[in-house]
Structure formats: C-alpha cells, structure tokens
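In: Task: produce atomic coordinates for the following.
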Amino acid sequence: MTATTAAGASRLVLKNARLPDALAGKPTSAAVPRVDITIADGLIAAIEPSSEDGGDGSAATGADTHDMRDGLVLPAFVDIHTHLDKGHIWPRKPNPDGTWMNALLSVAEDRERHWSASDVERRMEFSLQAAYAHGTAAIRTHLDSAPPQHGITWDVFEKVRERWADRIELQGVSLLGPDHLLDKNIVAEVVRRTKAGNGVMGGAIADHPETKTAMRNVVEAAGEAGLDLDIHCDETGNREASALYWLAEAVIETGYKGRVAAGHCCALAVQDEATFQKTLERVARAGIAVISLPMCNMYLQDRAENGARTTPRWRGVAPLRELAEAGVPVAIASDNTRDPFYAYGDLDCIEVLREGARILHFDHPAEEAWIWARSVGATPGAFAGMEAKAEIVVGAPADLVLLGARNWSEMMARPQADRKIMRAGRIIDAKLPDYRDLDDLMGDTSWT
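Out: Next up is the predicted model:
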C-alpha cells in the first residue's frame, strides 16, 4: 500500500480482494467472490464485484487504491476463551509432565507466590500486544477469582480493559474451582465483584462427585445477579464426567435467562452414544454455546501420567460438528498461552483456525471450510454479546486482516506472518512484543 493508505486515507478501495461470503453476512454460503471493497471514514462503504469481473470500477475514482491481487480479506478476530492472567508464566513455572493435574497444581503455586497486581498487569499487557498485532479485535478472558485473588485480578483487569478499549474489546469471566462453587458464600462474594466489574460469572468442573450441586449454585447466583455464564466443563477423558449435562439441567430448571457458554466439553468425545445424545438434547434446549480449545486440549488430554512414555489415543476435543448440526453455536479459541496448561501459543487466531482445521477436521467437505472460519469471529461475537461482530458488511468498521494467501489451502499452508492488520481503515504498525520484556518477572530461565 502507499504511504497515504498506511496513514489512513479518507477513502480507500481494496481492489481484487477475495472475500468469503461466510464472513460477509452470508453465513451458509461457501463462495469466495472477488470484490472491490470501499472504505470511507473508517467504515466499509461498499462491497462490489471486482472491476476485473465486470464491476464498473467507479468506486476507485478519486480514491486511494490497493490491488489485493486475489489476496484474502478477513474480519478482525474474536478470541472467546483465553486466560490473560495466567499467560507467559511458563519460564518460571513449567508443567513438569504436561498433565492437566500438574498444570492445575503448578498454576496454584505460581499464583500464591507471584500474582501481585503488577505481575498480572505486565503479563496481560504483553498478551494483548501480541493479540492486537495478530489481528484480534475482541477477547474474553477467564480470571482466577478464588478469594483473595479476585481482589487483585479484577482491579487489574478493569484498568487494562479501559486502557485497551479503543483497540481490543475485553470481557472478563470469574473462574472458581468446584470446591469454591460449592460454597454459596464464596460464590456470592465473587458474583458481587464480577457484577461490579461488568463481567461474566464462571467456574470450572472437570470431574467432581458434587457436580450437580455446584452447577445449581452458580446458575442460581448468576441468574439472581443478572450475569451471563461461561463454565469450563468436563475437561477430562473420564466418560463419567457430567458438568455439561448438569449445567444444562440447572439452566432449564431455574429458567435462567442469560447467555451461557461452556468451554472444553472434552468428555463428550469418549462417552457412549446414549449419554452423548442425552447431553446434546439438554444443551440444545438450554441454548448453551460450546467452545472447543483444540490446541490446549490436544496438548493436555490423554497425556501420559506417572512418567509413562505412551502416545495419546484420542485428540481431546469436543465433537463440534455433531453439536453444530444439532443447532448448538460452536466456537474455537486460544485458551492458555505459555503457561502450565499449554506451553505454546501466542493469541493468534489464524493459528487457532489452522490447527483447529487439522485437529477437528472441519476442512472437509471443502465447501464448508469458510463457514467454520466464523468460529473465531462472528459466531462467538454473537453468542457473547460482543460489540465486535466480525463480519465484513456495509456500515461495519473496517477492522480487517489482509492476507497474501489467495485461498484456503494457501492460508493453511503458512503462518501468514506477512499479514497486514487494518483497524478503522488504517494499517496499524503493531509489532509482537519481545519475550525479553518479561525477563525480570521470570528469574533465571536459562534451564527452560
């Protein structure tokens, strides 16, 4: 693009762009037409057939132009399940064996020792810089909220949310484990702090003998406070896990009216068909959206324990296609980044989409692939009530990701490190933060 465009022209035409219909207000279309996109005053002003394909080309008259040469244009992303408060502690607290339980224990130890306001804020800021440079416009983050941590982290989150308001829309979710969810006094205390922070109430149950009671507690408390819900459910390979089922039951039985999302739901993939169908019916009836975290769950689930050296036998992810076919809204997201739950990741939704396609096999039939791309954009944006709609339609903000890749295969084959990020019609000059910026928080990490 020209220097004028980079600085933000008052009117710009992206010529010969490939824009998937599914990301442009036509959620069931598989077409990827070539179009000219006119941007004026930071908004999408027009989307017309390319002048190369019979369009009259009049939009380009007197405008700055950039020839996309059939490169893809995507909407800025919505990353609907992250953990900004945990991010990047791996150098000082790695997971000793990669298992879920040791992830839980390692984070708890690090939280007790290090999670001051300044520590949490520094790491949140680092993560948001990375997400912004990769092209994300909205993030929901879970926040460890077991007292007294809720008194630290929510204050930090509100400060960070305000500072980033013109760059990334942020939603916060209180995260409590099963023992805290069973304590109505703690649930009430955290609900009050969550409501004061304009947040979402949440919790996590992988497998617990009192799952039914815990789910009823949190649904009732959130309903009374008028809070939406986002619960980690059944992040385990135990086919007896039932958090998702009892969440749905509690929503139905209490008449809960808010939005509900359930993350992980890994156990669905190993349960017998009758159990799966019973849960699926309840989830659909309750209107619960399901979020799969393909990279993190493939990393954790079926991991060898007690020093065993074995290869995993299953992928650890929820059966998203079956859920979607039953009318359940589904999404995928980053989850953890460089912490004991996931050693890798960078809040890059193109990476999430690429790995999601490989792990979940939603790249076939090929004509449905771009419809699944909505799982890191419009679908979670809608079920979470985000302002970011992640669709390229006339009147929408020109918050775009511009690729050199011309089709799905080219996009999947490379990391798209040369992508350009446009916000409000301007190409931003955001750079990925340097890991060295966090060295003073990590101590001696040469051994990691």
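In: nearest spatial neighbour of Ser292, skipping sequence neighbours?
Out: Excluding its sequence neighbours, the residue lying closest to Ser292 (Cβ to Cβ, 6 or more residues apart in numbering) is Ala318, at 4.7 Å. In short, each C-beta sits where N, CA and C put it, glycine included.
In: In terms of helices and strands, where is the one you found?
Out: Under the criterion DSSP states H and E, no helix or strand holds Ala318.
In: what's the burial count for it?
Out: Ala318: 29 surrounding residues under other Cβ atoms under 10 Å.
In: just the one 3 residues further on next, same as before
Out: Here the number of neighbours of Arg321 (other Cβ under 10 Å) works out to 14.
In: Double-check it against Phe362; I have them as touching.
Out: Yes. Under the criterion of Cβ atoms under 8 Å, Arg321 makes contact with Phe362 at 6.6 Å.
In: that older thread, contacting residues around the residue nearest to Ser292?
Out: Ala318 is in contact with 264-266, 268-269, 290, 292, counting by Cβ atoms under 8 Å, 6 or more residues apart in numbering.
In: From the contact counts, what lies against the longest helix belonging to the chain?
Out: If you go by DSSP state H, the chain has its longest helix at helix 117-134. Using 3 or more Cβ pairs under 8 Å, 6 or more residues apart in numbering; DSSP states H and E, the elements in contact with helix 117-134 are strand 77-82, helix 150-163, strand 420-423, helix 439-442.
In: tilt between the second one and helix 117-134?
Out: Translated: helix 150-163. Relative orientation of helix 150-163 versus helix 117-134 (axes from the mean of the first three to the mean of the last three Cα atoms, to 10 degrees): 40 degrees.
In: Next, the buried residues of helix 150-163.
Out: 150, 152-154, 156-158, 160-161 (16 or more other Cβ atoms under 10 Å).
In: Now Ala424: phi and psi?
Out: phi 50, psi 40 (degrees, to the nearest 10).
In: Correct me if wrong: it contacts Arg167.
Out: No. Ala424 is not in contact with Arg167 according to Cβ under 8 Å; the separation is 10.2 Å.
In: Among the contacts of Ala318, pick out the one closest to Asp179, please.
Out: Asp179 lies nearest to His264 out of those, by Cβ to Cβ, at 18.7 Å.
In: residue boundaries of the helices in the stretch 51-200 of the chain?
Out: 100-114, 117-134, 150-163, 178-181, 184-196 (DSSP state H, counting those that start in this stretch).
In: Just put those helices in CSV and tack on mean pLDDT and distance to Pro340.
Out: Output for the helices of the stretch 51-200 of the chain, formatted as CSV (pLDDT from 0 to 100; distance: least, Cβ to Cβ, whole Å):
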stretch, mean pLDDT, distance to Pro340
helix 100-114, 97, 4
helix 117-134, 98, 14
helix 150-163, 98, 17
helix 178-181, 98, 19
helix 184-196, 98, 23
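In: Can you show me the CA trace of stretch 285-300 as CSV?
Out: The C-alpha coordinates for stretch 285-300 follow below in CSV (Å, rounded to 0.1, in the frame of the first residue of the first chain):
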residue,chain,number,x,y,z
ARG,A,285,-32.7,-27.0,24.7
ALA,A,286,-30.8,-24.8,27.2
GLY,A,287,-29.3,-22.6,24.5
ILE,A,288,-25.8,-23.2,25.6
ALA,A,289,-22.9,-22.4,23.2
VAL,A,290,-19.9,-24.7,23.2
ILE,A,291,-16.3,-23.6,22.9
SER,A,292,-13.6,-26.0,21.9
LEU,A,293,-9.9,-25.3,22.7
PRO,A,294,-8.2,-27.5,20.2
MET,A,295,-4.6,-26.7,20.8
CYS,A,296,-4.7,-26.8,24.6
ASN,A,297,-6.9,-29.8,24.8
MET,A,298,-4.8,-31.8,22.4
TYR,A,299,-1.8,-30.9,24.4
LEU,A,300,-3.3,-31.9,27.8
